[in-house]
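# just to be clear, the model below is a prediction. Sequence and coordinates:
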Amino acid sequence: MIENDVIVTTKYGRQPSFAVCPDEHGQFPAIILYMDAPGIREELRDQARRIAKHGYVCLLPDLYYRLGMLRFDIPRRDEAMSVVIRGAMKSLTNAAVIDDTAGMLAFLDAHEKVKPGPVG
């Protein structure tokens, strides 16, 4: 596997993301793995790796990038952390995520390992 922490340029700025793809020669279809409410964590990076093992380029974007770098210790989740997670989640709008997705698609279009065509 080829893994990289990358920056996706969006309408709103620089979005940290995790990209992973097979290390084999050739191009592969792309998939965007959108995070859930607790945000980026090793569990989601592992999911991206599993997708890539099946022959895909997988991009895992940090949708909370406008708020800074939010990382949560989910096994130690308490009510205070839940309040912060809900606040971060509520800060996202459909319009902002659609705008971010345009940047993600542009990033994938320019990626040498991505096969042209639809993105899942």
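That came in fine, so what should we check first? Residues are numbered from 1 along each chain as shown.
# which parts of the chain are strands?
Ranges of strands within the chain are 2-10, 13-21, 28-32, 57-61, 114-119, based on DSSP state E.
# out of those, flag the one nearest residue 50.
Residue 50 lies closest, by CB to CB, to one member of those: strand 57-61, at 8.7 Å. All C-beta atoms are positioned from the backbone trio N, CA, C, and that covers glycine.
# please name the strands paired to that closest one in the sheet, noting orientation.
strand 13-21 (antiparallel), strand 28-32 (parallel) (DSSP bridges).
# which residues sit against it?
6, 8, 15-21, 28-35, 40, 44-45, 47-49, 51-52, 100, 104, 107-108, 111, 113-114 (CB atoms under 8 Å, 6 or more residues apart in numbering).
# among those residues, name the buried ones.
Buried by 16 or more other CB atoms under 10 Å: 8, 15, 17-21, 28, 30-33, 35, 40, 44-45, 48, 51-52, 100, 104, 107-108, 111, 113-114, out of the contacts of strand 57-61.
# all helices for the chain, in order.
Assigned by DSSP state H, the chain shows helices spanning 42-53, 79-91, 94-110.
# the first one vs strand 57-61, what angle?
Calculated by axes from the mean of the first three to the mean of the last three CA atoms, to 10 degrees, helix 42-53 forms an angle of 160 degrees with strand 57-61.
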